[in-house]
Structure formats: structure tokens, C-alpha cells
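1. The following block contains a protein sequence and its predicted model.
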Number of protein chains: 2
Amino acid sequence: MATGLDDIDIKILQILQKDAAQSNEAIATKVNKSIATTHARIKRLKENGFIKRVVAVLDNRKIERSHIAFSLVHLKSHTKECLKEFKEEVAKFEEVMECFQMTGTFDFILRIATRDMDDYNLFYNEKLATLSSISTIQTSFVMSEIKSDTAYPL
Amino acid sequence: MATGLDDIDIKILQILQKDAAQSNEAIATKVNKSIATTHARIKRLKENGFIKRVVAVLDNRKIERSHIAFSLVHLKSHTKECLKEFKEEVAKFEEVMECFQMTGTFDFILRIATRDMDDYNLFYNEKLATLSSISTIQTSFVMSEIKSDTAYPL
DNA sequence: TCGATTATCCGTAAATTATTCAGTTATATC
DNA sequence: GATATAACTGAATAATTTACGGATAATCGA
């Protein structure tokens, strides 16, 4: 395949996407290889950039950041300057966990994490709504989580 | 605070959200505590559910799953049965990484990861569009990634 | 098909790291 | 101010990671 990965690599990546806090021994058992081989493969997957990083996933309710919004943003104009300004400014806001430029009927989608509606209101008035590049913002809030996965299908 | 976390805990969580692949010694240095204390705190944060899990974050280009879509879904009806059916079925699709029930002008938002447009087309025809509970689907594709973070602001 | 090259694999040993523990210091309670 | 509770520390031990030398298997050109 074009990625240069074999079945064992894929299996290791599937395992690590779900739980990266297990020993090489545990992973080695699951992929039927020795610890040394498993370790060498994981090392290679990191060095070659397939694994970008390892992170802790927090419970957003317990840490009180469970008020999640998705905002669909339209820009006023689509000049290079306007786009550049929006991208640079929006990335600075810590409440904005994700921002993607999109095809279709809106320009950007944002995932915003705050403590509660008061906290969101503050973010909106003090930060997001101050960006002059924005024309309209259509925001919806998460009511319930049906599926929340960081693992890509492999 | 209501979470029961102090400044040291918050700092540890901030660090682990960015990089959970470092030694306790490295973290201990950053929070100005001993290794034993740091270890005990991290253990407690896991046991108490603040840290749900530790995962590897992959490069979606390198693994060829960089064709990302966000779909806004309207259901035909909002009866308990219809909602239940949609939630159960959509969660089974491996291409659907995330699904949230939302307030506002649409019912659900989905994040879908596929290899390319052909792969998406297959997913759409064979899986998503077969769900009888769905009324309309409005899909936009990611053109570029401005910010992509798994870390909540703390 | 043969031999040479390359890649993959494994067991072992050394280095690093995680984990436990006993004793100490700080903090809160009455 | 005495007591109880929680948090901290350094040091010992257990477990894991990592590097290394050599064996095995796969690949490829002649």
C-alpha cells in the first residue's frame, strides 16, 4: 500500500489509537511479535511521523469544560488578507479547540469548549465577535454525545 | 473549586493533554514537585476519572484518512424510536469518528473520516444514506486545518 | 535455482522509568 | 496548642524501555 505500512503496523496503530498507556509487552502479545520487534516498529512509526504525539484525553464534565459549541462562520470577504487575519486570530483563542476551512455554504467550522453559557457569552463578546473579518456566525450547542472518538478507521 | 483540583493538578493535566509520552521526572520538574508526588497525583487523576485514557494521535495524511467531512443531519421525526435508531446505527459506522446531538437548526453533527471522495461516496451510499431515520444531510468537506487540538482549555 | 543483499525478527543485557514505602513536613480541625 | 489528616520527599525495588549482536526469512538479479 501507498503508506508503506503492513498488517502488523496497522494493528499496532489501531491499538495505540485506543490505548497508548499499555506496555510494549501487552502490545507484543496482541500482535504476536516479540517485545523487541514491537518496540522497533513503534519507534519507527513515531520517527516516520505516523504517530504525531501521545496525549491524555480528559473527561470534559469532570474538568468543567463540557459546554461544547460548533460555530459555522461566514467571512465578509475572501481576500488573502481577510482570510489570513481570521486564521491567525481565531487560532489564538484557547476556547477554540479546532478550526477548519470548509467547502460548501460556510467558510469555517469551529469547535469551542467553555465552562457554561456565561463563559461562552464572555468568549463570544470579548473574543470571537470582535473579529472584523467575520460576517455571520451560526452556533449550535452539543446536547448529547453519541460518539466521540479520536481514532481514525484503519 | 468544584472540580476538587488544585493548581498543580491543573498544570499536570495541561501538560499531559499536550504530551503524555514524557517521564514522571520531566513532569515533576515542570511542576516543581518530587517524582513520587507527581506520580501519586497522576495516578489519582486517572483513578478519579479526570484522565479518561491516553491515546496516540496519528497523522491523517500519512495514514491516508485525511478526507474529513462534517455532516449536518436532520431527522424525519423526533420520536424516541427514531432518535434511538439513528443513534445506534450511526455509532456503528467506523468512518463516523464523532456524532453529537445538537441544539439549533439541525439535529446532529457528524465528523466523517475517509480515504478520498470515492471512499466517502461508498460510505454515503452504502451506509449513511441507508438510514431511514434521516430526512436531510448537508455535508461540507475540510479544505484546510487551521487548528486541531484535543486539549481542553484549563 | 542459486547466492547475495536486505529486511525482519528475537533473546539478552543495560539503562531508564515506574512504583512502593517509611518517615517528614505542612495543613486543617477542634 | 494538640491532634488528625493530607501532602510531600528520598531511597529501595520492581517493571519497562531501549540498544545490541546475531539468527532467520524474504527479495532480487544473474
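-> Done, it's in.

2. so where's chain A shaky on pLDDT?
-> Scanning chain A for pLDDT under 70 picks out the ranges A:1.

3. Quick one: name the residues of it near DNA strand D.
-> Proximity of chain A to DNA strand D, by Cβ under 7 Å from any atom of the strand, involves residues A:Ser23, A:Asn24, A:Glu25, A:Ile35, A:Ala36, A:His39, A:Ala40, A:Lys43. The C-beta positions use only the backbone N, C-alpha and C, and glycine is treated the same way.

4. So how do I select the buried members of those in PyMOL?
-> In PyMOL, a selection of the buried entries from the residues of chain A next to DNA strand D looks like this (16 or more other Cβ atoms under 10 Å in any protein chain shown):
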select buried, chain A and resi 24
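
5. Which member of the residues of chain A next to DNA strand D is positioned nearest DNA strand C?
-> A:Ala36 (3.1 Å; Cβ to the nearest atom of the strand).

6. so is that closest one in a helix, a strand, or just coil?
-> helix (DSSP: H, G, I helix; E, B strand; the rest coil).

7. for the one 5 residues further on, same thing?
-> Following three-state DSSP, we place A:Arg41 in the helix state.

8. Could you give the number of residues near it?
-> 22 (other Cβ atoms under 10 Å in any protein chain shown).

9. again with the one 5 residues further on
-> Counted with other Cβ under 10 Å, the burial measure for A:Lys46 works out to 16 neighbours.

10. With just CA atoms, put the lengthiest strand in chain A into CSV.
-> The single longest strand within chain A, with elements called by DSSP state E, is strand A:134-148. C-alpha atoms of strand A:134-148 as CSV (Å, rounded to 0.1, in the frame of the first residue of the first chain):
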residue,chain,number,x,y,z
ILE,A,134,-16.4,37.8,10.2
SER,A,135,-19.7,38.4,8.5
THR,A,136,-22.0,35.9,10.2
ILE,A,137,-21.7,33.2,13.0
GLN,A,138,-24.2,30.4,13.3
THR,A,139,-23.7,28.5,16.6
SER,A,140,-25.2,25.2,17.8
PHE,A,141,-24.5,23.6,21.1
VAL,A,142,-23.9,20.0,22.0
MET,A,143,-26.8,18.4,23.8
SER,A,144,-25.5,14.9,24.0
GLU,A,145,-22.5,12.9,22.9
ILE,A,146,-23.4,9.8,20.8
LYS,A,147,-19.9,9.0,19.7
SER,A,148,-16.6,10.8,20.5
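
11. for that strand, packing partners?
-> Judged by 3 or more Cβ pairs under 8 Å, 6 or more residues apart in numbering or on different chains; DSSP states H and E, strand A:134-148 is in contact with strand A:67-75, helix B:80-92, strand B:96-102.

12. Distance to DNA strand C and mean neighbour count for these - can I get that in TSV?
-> Formatted as TSV, these follow (distance: least, Cβ to the nearest atom of the strand, whole Å; neighbours: other Cβ atoms under 10 Å in any protein chain shown):
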stretch	distance to DNA strand C	mean neighbour count
strand A:67-75	29	21
helix B:80-92	32	14
strand B:96-102	29	21
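
13. Excluding sequence neighbours, find me the nearest residue to the most centrally placed residue in chain A.
-> Closest residue to the average C-alpha location of chain A: A:Glu98 at 6.0 Å, with Cα atoms, centre = their mean. The spatially closest residue to A:Glu98, leaving aside those adjacent along the chain, is A:Arg111, at 4.1 Å (Cβ to Cβ, 6 or more residues apart in numbering or on different chains).

14. List the residues that contact the closest residue in space to A:Thr38 that isn't next to it in sequence.
-> Leaving aside its sequence neighbours, A:Thr38 sits nearest to A:Ala28 (Cβ to Cβ, 6+ apart; 4.1 Å). When contacts are counted by Cβ atoms under 8 Å, 6 or more residues apart in numbering or on different chains, A:Ala28 touches A:Ser34, A:Ile35, A:Thr37, A:Thr38.

15. one more time with 7 Å, if that's ok
-> With contact set as Cβ atoms under 7 Å, 6 or more residues apart in numbering or on different chains, A:Ala28 has these partners: A:Ser34, A:Ile35, A:Thr38.
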